[in-house]
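Trainee: Test case, fold it:
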Amino acid sequence: MADVYIQVRLADMEVYVHGMACTPTEVMDEMCKQVDNGRLSNIKVSHVLVQGNIPWKNPKYYGELFVYLQIIIYKQQDCSKCSKIRSKCLFVCDNMRKLVNEVPNKWLTIVGHADCYSIFLSEIAKMYTSFTAPVDVAIVSVTPPDQFGYCSMGVSIDCTSSAVRAAKKIIGLVNETVPRTFGDSLIHSSHFDKIVRTNRPVYSIPRQEDGTVNVVEQKIGELIANNLVSDGATLQMGIGGIPDATLAQMVNHKDLGVHTELFGDGVTNLIKKGVITNARKTLDPGKIVSCFAFGSQSLYDFIDNNPFFLFRACSYTNEPQVIRKQHRMTAINSAIEVDLTGQVCADSIGTRIYSGTPSVFTHLFDYLHTLIPPGRRFVPFKGDWDSSAFVPAGL
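Mentor: So this is what the prediction gives:
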């Protein structure tokens, strides 16, 4: 595995790492070991939402203090050269939020130990396919090859399929627990420069059991499902308490479709009950279209080798021209804060980055122009006297 890295170059390497359920932890650990041994340096790692232990969060990979001082003295803005390994977060997750926001030293006022790129998810994929963003090595988790030699990149396609196709070298972590999916997820085993094997379970989150839904979230879900979502609508939603509560209240709807960037366990019950059929979708009828899924192991088992699910690159799922053509497109997203003028914030809290801006605004903007017929968009959130999402205008 190390030979693959060394054949590229010893320093200033651009690495793309698979995320979400398919985070290739074993290869990430090995990369850090090569940095410790002095064989690699100044690695810039691009990723969407990596899970599990991220080894380069260890302060020993941050770089030296004198380099930070040099940045201040000489007014250099590029902090990437001061770290042994530095994350380029295309979507900020829980385990990277501190690194993005923290100041390296209390006397210095420069950026933290990771970078956040404010760019729509659909544009990230185009950035790779146009070779605007270089990828020296792409590291991806895949299924074992089928009888024709094809592996599947599982339930995390997003911009990964585009990065893989742009990469100079590809390392595949073959994992028998990765769900086999269809669409842009397939890659032939002959394209890998190195293959590593593991049988570690893919990353998952516990399924929320019936009766454990927050009362407020359940009420919000009832209001949306019973009054605002029509039969035959095509849904875009995220994961979490409010989206799942809303889906749980749609058991009496008919012929719902799904075209989204992300879905979780909330869809499985509606599929089994015949509520989600995708029959009235303008594009990709009969298919749930998404670029990644994240949920419980039972969700992955349901997706595995199931042609009802079509995983496409985010350059398709989040493409404005595709979104606009969907039948009765209905977006259900959450917010962190809403000010008194109606401005919605879902990417940050004050001056601190929370998730970044890869996706939600693409959908909200484009549903305004949905062609056949007009779409709808909702931003539900909880607010009470003790903890409200409402803030004064401009904050």
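
Trainee: Pull the distance from stretch 215-222 to the chain's centre.
Mentor: 26 Å (C-alpha atoms, centre = their mean, to the nearest Å).

Trainee: can you map out the helices along the stretch 1-150 of the chain?
Mentor: Assigned by DSSP state H, counting those that start in this stretch, the stretch 1-150 of the chain shows helices spanning 2-8, 25-36, 65-73, 94-101, 121-129.

Trainee: which residues touch the last one?
Mentor: What that stands for is helix 121-129. 16, 48, 90-91, 117, 119, 132-133, 135, 158-159, 161-163, 165-166, 261, 291, 313-315, 317-320, 358-359, 362 (C-beta atoms under 8 Å, 6 or more residues apart in numbering). For every residue, glycine as well, the C-beta is placed using N, CA and C.

Trainee: If we use 7 Å, what do you get?
Mentor: 90, 133, 135, 158-159, 162-163, 165-166, 261, 313-315, 318-319, 358-359, 362 (C-beta atoms under 7 Å, 6 or more residues apart in numbering).

Trainee: dump the residue contacts of the nearest residue to Pro55 once chain neighbours are set aside.
Mentor: With sequence-adjacent residues excluded and distances taken as C-beta to C-beta, 6 or more residues apart in numbering, Pro55 is closest to Cys32, at 4.2 Å. Contacts for Cys32 (C-beta under 7 Å, 6+ apart) come out as 55-56, 85.

Trainee: Ranking by neighbours, what's the top pick from those residues?
Mentor: Ile85 (27 neighbours; other C-beta atoms under 10 Å).

Trainee: What's the separation between the nearest residue to it once chain neighbours are set aside and Asp193?
Mentor: Excluding the flanking residues, the one nearest Ile85 by C-beta to C-beta, 6+ apart is Trp56, at 3.8 Å. According to C-beta to C-beta, to the nearest Å, Trp56 and Asp193 sit 22 Å apart.

Trainee: Then Pro243?
Mentor: From Pro243 to Asp193 the distance is 39 Å (C-beta to C-beta).

Trainee: of these two, who's got more company?
Mentor: Using other C-beta under 10 Å, the more surrounded residue of Pro243 and Asp193 is Pro243, with 26 against 17.

Trainee: which outside residues touch the helix or strand hosting the more buried one?
Mentor: In this structure, Pro243 sits in helix 241-248 according to DSSP states H and E. For helix 241-248, contacts defined as C-beta under 7 Å, 6+ apart pick out 208, 213-214, 217-218, 220-221, 224-225, 237, 264-267, 270, 332, 334, 380.

Trainee: ok, 6 Å please
Mentor: By C-beta atoms under 6 Å, 6 or more residues apart in numbering, the residues outside helix 241-248 that reach it are 213-214, 217-218, 220-221, 224-225, 237, 266, 332, 334, 380.

Trainee: which intervals of the stretch 251-395 of the chain have sub-threshold pLDDT?
Mentor: 347-374, 383-390, 393-395 (pLDDT under 70).

Trainee: residue boundaries of the helices in it?
Mentor: Using DSSP H, counting those that start in this stretch, helices in the stretch 251-395 of the chain cover 266-272, 297-303, 314-317, 320-323, 360-367.

Trainee: export these to a markdown table and tack on distance to Val338?
Mentor: Output for the helices of the stretch 251-395 of the chain, formatted as a markdown table (distance: least, C-beta to C-beta, whole Å):
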| stretch | distance to Val338 |
| --- | --- |
| helix 266-272 | 23 |
| helix 297-303 | 30 |
| helix 314-317 | 26 |
| helix 320-323 | 23 |
| helix 360-367 | 13 |
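
Trainee: Which one, of these, ends up nearest to Asn175?
Mentor: helix 297-303 (11.7 Å; C-beta to C-beta).

Trainee: tell me the domain ranges of the chain?
Mentor: 2-198, 215-391 (automatic domain parsing).

Trainee: Any chance of JSON lines for the ones you listed, columns distance to Ser204?
Mentor: Converted to JSON lines, the domains of the chain look like this (distance: least, C-beta to C-beta, whole Å):
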{"stretch": "domain 2-198", "distance to Ser204": "6"}
{"stretch": "domain 215-391", "distance to Ser204": "5"}
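
Trainee: excluding its backbone neighbours, what's nearest Tyr117?
Mentor: Tyr117's closest residue in space is Leu90 (C-beta to C-beta, 6+ apart), at 5.5 Å.

Trainee: Quick check: pLDDT value at that neighbour.
Mentor: Looking at Leu90, its pLDDT is 82.

Trainee: shouldn't it be in contact with Val45?
Mentor: No. Between Leu90 and Val45 there is no contact under C-beta atoms under 6 Å: 10.7 Å.

Trainee: more neighbours, these two?
Mentor: Neighbour totals were compared for Leu90 and Val45, and Leu90 leads with 25 against 22 (other C-beta under 10 Å).

Trainee: what is Leu173 paired to in the beta sheet?
Mentor: Using DSSP bridges, the bridge partners assigned to Leu173 are Ser141, Val196.

Trainee: from now on call the first residue 25
Mentor: In the new numbering, first residue 25, that becomes Leu197.
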